[in-house]
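Asker: Compute the structure for the input listed below.
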Amino acid sequence: GAGAWSATFTTAQIPATSGNITAVATDAAGNPSTQASRPVTIDLTAPSPPVIAVVAGDDIIDPVEATSNVDVSGTAEANSSVAVTWGSTTHTVSANGAGAWSATFTTAQIPAPGPYTISATATDLAGNTSAAGTRQITVGIDDTGDGGGSFTLMSLDYAIPEPEPGDGRILSIDKLVDDSHGAPGTEVANGGTAGDSTPVLTLTLSDVLGDGESIRLVRDGAIVATTSEPGTSWVLDDSVGIAAQGEHRYTAELVSGGNVIATSDSHLYNFQMV
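Answerer: Now for the predicted structure:
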């Protein structure tokens, strides 16, 4: 009597591609209505696995870092839900429109010393879940008995690892320049406040950039600039631009053959654009 209706389509009847659902009503006298139509999106494709950025600047949580919260960040499909698991703790966070996400693990949630795999899966708006993206990290242990900064790193076989490519090469963020009020701009210290949504950062490497290597600038786990120009110093613009006010974290990465072989310390700035 109220005119409500419902139709059930089986799994086999649901098409594989997006399209329109149409409906026509025919009254008791046999008169058909005008056709109504509603577009429907069919999404059966899982997102790509999330990418987890370097944790704590070097993928090592030392005893001092373990006394405060540790942020795990990265990129995933834009606007997806990301489940990040470290040890026995899982945090579910949202990726923003650019795909950046971040999960904070408290001191109590940081697992005991040893090697660990942090994993992350992304679930898109249609409910499709990706395979897991992973990153290997190590939680260190203080072996001095005095609470100092000396610690022992534990690995699966307790062997001293062989040196990896990039060992001994130091990549650093030298400065961030805020030119929101015009050139030449104002240098902003790490931890300071900036008002430029497209800041300029100066990066340096302790050795000359080699063939097949590149430098990339990363903000909140997302790549915002890259260069393969030879040399030891570069000035890179965050050309992607900062849309949201608040704290944003920058790191620089040295890449060879698609692998990150050196990472700078992270720099955190509070952006307050006028």
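
Asker: Any stretches of the protein with poor pLDDT?
Answerer: In the predicted model of the chain, residues 141-167, 183 satisfy pLDDT under 70.

Asker: change it to 80
Answerer: 1, 141-168, 180-184, 274 (pLDDT under 80).

Asker: Could you pull up the residues touching the spatially most central residue of it?
Answerer: Taking CA atoms, centre = their mean, the centroid of the chain lies closest to Gly74, which sits 1.3 Å from it. Contacts here follow CB atoms under 8 Å, 6 or more residues apart in numbering; on that basis Gly74 touches 50-53, 82, 100-101, 120, 133, 221. In short, each C-beta sits where N, CA and C put it, glycine included.

Asker: Tell me what it is bridged to.
Answerer: Beta-bridge pairing of Gly74 under DSSP bridges involves Ile52, Trp101.

Asker: sorry, back to before: ok, of the contacts of Gly74, which one's closest to Gly257?
Answerer: Gly257 lies nearest to Val51 out of those, by CB to CB, at 16.7 Å.

Asker: List the contacts of that closest one.
Answerer: Contact analysis of Val51 by CB under 8 Å, 6+ apart lists 74-76, 133, 221.

Asker: if I look at Gly231, how far off is Val82?
Answerer: Gly231 sits 36 Å away from Val82, going by CB to CB, to the nearest Å.

Asker: higher neighbour count, those two?
Answerer: Comparing Gly231 with Val82 by other CB atoms under 10 Å, the one with more neighbours is Val82, at 27 against 11.

Asker: Secondary structure element holding that one?
Answerer: Per DSSP states H and E, Val82 falls inside strand 81-86.
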